[in-house]
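Asker: Give me a 3D structure for the following:
(one chain, ligands or ions: 2)
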Amino acid sequence: MMNDLLAVRGVSKRFGGVLANHEISLRVPHGSIVGLIGPNGSGKTTLFHSIVGYHQIDGGSIRFDGREISRLRVPEIARLGLVRTFQQTRVFGKMNCLQNLLVSVPHAREGLAAMWTRQPADVTQRARQILHLAGLQDQLGQRAADLSFGQQKLLEIAMALMNEPRLLLLDEPTAGVNPVMIESLITLLRDINARLGITLLVIEHNMRVMMQLAGHVYCLAQGELLAQGSPAQITGNRKVIEAYLGAQP
Ligand code: ADP
Ligand code: MG
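Answerer: Ligands and ions are numbered 1, 2, ... in the order given. Alright, predicted model coming up:
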């Protein structure tokens, strides 16, 4: 479909004997927030890895804005505007918040020393704006290691925004975050979507969060697409409930 920013069709990914993704298809329309849920080990992170080019897929197609990207490398895909955050938080603890954003722009890889001396004013300006959007304007000069865990999650998303994503993939952004900070994260994600026009694909276990964010949710189980629908439909879906209950020890 022309109005899909991301179209995953029949994607499979195998690790030795483990079929981590089996013929998964999903669509992420321009400007939408789409959710991805499923028990641990159901293949969610694997699918993200395949989308951003970290894995070579064994079958299927991945189209970004109409263009096949499944044979492209990670940096080429990132340049097209497809950016991810990680399940494990990754901030530079000894750097302050502003510095964390400045080292997140692609040209920072030329070397940190060169960066500090040649940092264009407009990049610093944008970093400040993004920190403001993330509600971290008062923590600008604070070391990332001294932030709360929830604030580190906000910072990580702010870092991803420095790459000017068109589609942002978020892997369990609220995992381990306290309820108050979860509200801040939801607000940030909604702002990113509504005010910056960035499309989101979000892995999230918390259905209450999903209700507030996503218009459409896909559910994986054991590497297969189990169900899809509105958050309300998914919450009431018997197969989804069984998949989650069945996954508990
Ligand atoms: P989820 O993110 O839904 O918890 P994953 O995508 O991380 O699930 O894992 C799906 C399955 O693929 C699991 O059985 C996991 O052990 C396996 N898997 C994931 N990554 C690798 C890898 N790099 N090598 C081997 N097996 C992997
Ligand atoms: Mg995962």
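Asker: for the protein, longest helix please?
Answerer: Of all the elements of type helix in the chain, the one with the most residues (DSSP state H) is helix 179-196.
Asker: List of residues touching that one?
Answerer: Contacts of helix 179-196 from elsewhere in the structure, counted by CB atoms under 8 Å, 6 or more residues apart in numbering, are 31, 33, 133-135, 148-151, 153-154, 157, 161, 168, 170, 173-174, 177, 198-200, 202, 206, 209, 212-213. Placement of C-beta: from N, CA and C, glycine included.
Asker: Let's see that with 6 Å instead.
Answerer: Outside of helix 179-196, the residues that reach it under the criterion CB atoms under 6 Å, 6 or more residues apart in numbering are 33, 134-135, 150, 173-174, 198, 200, 212.
Asker: How about stretch 54-73?
Answerer: The set of residues that contact stretch 54-73 without belonging to it, under CB under 6 Å, 6+ apart, is 5-14, 49-51, 53, 74, 77, 80, 82.
Asker: Check stretch 154-174 too.
Answerer: Identification of contacts with stretch 154-174 by CB under 6 Å, 6+ apart yields 5-6, 45, 48, 81-87, 89, 91, 97, 100-101, 104-105, 130-131, 134, 136, 153, 182, 185, 198-203, 206, 209.
Asker: Over to stretch 79-86?
Answerer: 48, 52, 64, 156, 160, 163, 165-171.
Asker: Just the ones of those in helices?
Answerer: 48, 156, 160.
Asker: How about the first one: what's its closest non-neighbour residue?
Answerer: So the one you mean is Phe48. Using CB to CB, 6 or more residues apart in numbering and skipping residues adjacent in sequence, the residue nearest Phe48 is Leu169, 5.2 Å away.
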